[in-house]
Each structure stands twice: as structure tokens, then as C-alpha cells.
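Novice: only geometry, no sequence info:
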């Protein structure tokens with residue numbers, strides 16, 4: 001049974017406390033990858049750290065909802081406010097994306113800009129995913145597939161979490177949502193396969209987002225499925241704006257502690273599972 005595990009920190013660049021946690025977990029813990037928000041306030045600090053972390057695989061965390069755009073407001077008048085912030089109302093944004101050509105044009109421009117910003121870092125692009133998993137929207141996924149070809153995208157995250165995990169967490173809304181999304185997730189995988197883009201088989205972190213502590217990581221490691229698994233977390237060394245504005249219930253310190261846990265490291269070693277980033281997984285599965 002071939003297994004590969006990717007352990008990712010999202011929101012790299014959002015705050016220096018996130019960046020410090022990523023550095024600690026890469027140097028001394030089990031973290032293998034991070035997803036960079038190129039337009040976030042501490043992106044420059046994240047890029048500097050990433051250049052000094054040879055084991056860390058870095059991908060692009062595209063932000064098209066509940067975050068700051070790279071392009072100025074006058075380039076994106078339909079999708080940002082005067083401060084350059086994009087709405088967190090994803091249902092309304094998704095409907096407008098279907099209905100309005102002007103919104104689609106502006107989103108395409110912003111996707112191009114974020115890919116170009118990542119390319120300017122000089123970092124190897126390991127993977128692409130999207131803040132709030134907004135790439136479940138088929139129009140956005142099509143944009144990423146089309147635009148990403150110009151920037152060498154080779155791998156994309158699929159937010160497909162096993163139902164047993166949500167049930168075990170008693171996260172019934174997440175369990176129901178994941179169950180209802182299964183046909184869409186299957187179509188997403190077929191589209192990625194047709195486009196010859198690598199992707200994970202399963203993902204952990206949805207039902208317990210912000211609470212992926214040591215106990216949960218050990219539980220997942222004990223039940224790792226065959227294929228490529230990704231576990232994603234939101235570690236940070238402290239709390240503060242902008243973390244507390246959108247992640248008030250998140251246990252950032254507990255997630256960092258899990259990534260630094262000797263018990264987690266020992267469990268992974270005992271399991272024999274191969275670890276790394278998406279590029280490493282792709283080579284492993286070849």
C-alpha cells in the first residue's frame with residue numbers, strides 16, 4: 001500500500017506570527033509545505049524565511065475572497081472595496097461570478113497578478129490552492145487551469161475530506177457539506193486528471209479547522225488511507241490582528257504544538273509513510 005503525506009501550513013504571509021510558526025515547524029517539526037498569500041501584509045517576511053528553509057515546499061494560496069487583492073481597487077472595482085479588500089460572502093460572490101462578465105474579467109486579472117507575484121519571488125511553485133477552498137467554484141477552477149498553465153502549475157489541492165473524520169468530530173454540518181459535495185469533488189478530480197495536473201486523494205483539516213491539535217494528528221496518522229493525503233493547519237506563535245478578525249476560535253498555538261510534537265514525529269516515523277510536498281508526491285507516485 002503506497003502512501004504519501006503532505007503536511008501544510010496555510011495563510012503563510014498573513015502575519016509574522018504565522019511566518020515564525022512555519023519556520024519553527026519546518027526546522028524542528030513535521031511541516032513539509034506552506035501556502036503563500038502573496039498579497040498579505042507579511043508576505044515579504046514569509047518569502048525571506050522561505051528562501052532560508054530548503055526543506056519547505058511553497059505553493060500559492062490564491063485569495064479571491066475575504067482577503068486583500070494584489071491589484072489596486074481601480075482595477076477591481078466590482079470585487080474589492082476602497083481598501084482593496086475582497087468580500088467574505090462567498091455565496092454572493094459565486095453568484096456574481098456566474099452572472100457578470102465584468103466580475104469574471106476582474107477575477108482573471110487578479111489571478112494573473114497573484115501568479116505573477118509568486119513568480120517574482122523566485123521560489124519553486126510546489127502547488128496551488130485557494131483561500132476558503134473557493135476553487136470548488138467551477139468557473140474559478142477553469143480560470144486557474146487556464147491561467148496556471150502559463151506559470152507552470154503542476155499540482156492543485158482537492159478539498160475532499162473522509163466522512164469518518166467529520167463524523168468523529170461531531171461536525172455534522174461539515175459532514176453534510178462534504179457528503180453533498182462528493183459528486184462535485186469527483187468531477188473536480190476528473191478535470192484535473194484530464195488537464196494532467198497532480199492532486200491529492202484526500203484532505204484533512206476541514207471539519208476541525210483551526211483545531212488540528214496533537215490528538216487529531218495522531219488519530220489521522222493511525223488511519224492514513226492509501227494514496228496521497230494532505231493535512232492542513234493554521235499555526236501561529238501568537239494571536240493578534242489580522243488573525244483574530246477572521247479566526248477568533250482558532251487554536252493557533254495548539255496547532256503549532258502539534259507540528260512540533262515528539263509523539264506526532266514518532267508516529268509518522270513508525271508508520272513509514274513518505275513525506276514532502278506535492279512535487280515530491282508526484283515523483284513518488286510516478
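Specialist: The structure has been received and is ready for your questions. Note that this is a predicted model, so its numbers are computed, not measured. Numbers count the residues shown, from 1 in each chain.

Novice: Quick one: residues in contact with stretch 249-263.
Specialist: With CB atoms under 8 Å, 6 or more residues apart in numbering as the test, stretch 249-263 has contacts from 7, 9, 17-18, 21, 24-25, 28-31, 209-214, 216-218, 233-239, 243, 264. For glycine as for every other residue, the C-beta is placed from the backbone atoms N, C-alpha and C.

Novice: Go again with 6 Å.
Specialist: 21, 25, 29-31, 210-214, 217, 233-236 (CB atoms under 6 Å, 6 or more residues apart in numbering).

Novice: now stretch 212-224
Specialist: 3, 204, 205, 208, 233, 254, 255, 258, 261, 264, 267, 271.

Novice: and the two most separated of those?
Specialist: Greatest spatial distance in these: 3 and 254, 25.5 Å, computed using CB to CB.

Novice: that older thread, restricted to helices, list the contacts of stretch 249-263.
Specialist: 21, 25, 214, 217 (DSSP state H).

Novice: What is the neighbour count of the first one?
Specialist: If you count neighbours by other CB atoms under 10 Å, residue 21 ends up with 28.

Novice: Also the last one?
Specialist: One way to gauge burial is a neighbour count; for residue 217, by other CB under 10 Å, it gives 23.

Novice: Please apply the same query to the one 10 residues further on.
Specialist: Residue 227 has 14 neighbouring residues, counting by other CB under 10 Å.

Novice: Same check on residue 262?
Specialist: 9.

Novice: ok, now the one 4 residues further on?
Specialist: Residue 266 has 12 neighbours, counted by other CB under 10 Å.

Novice: Secondary structure element holding it?
Specialist: helix 262-271 (DSSP states H and E).

Novice: how far does the helix or strand following that helix sit from the chain's center?
Specialist: Once helix 262-271 ends, the next helix or strand along the chain (criterion: DSSP H and E) is strand 274-275. Computed by CA atoms, centre = their mean, to the nearest Å, the chain-centroid distance of strand 274-275 equals 18 Å.

Novice: Kindly report the same for stretch 15-25.
Specialist: On CA atoms, centre = their mean, the centre of stretch 15-25 falls 15 Å from that of its chain.
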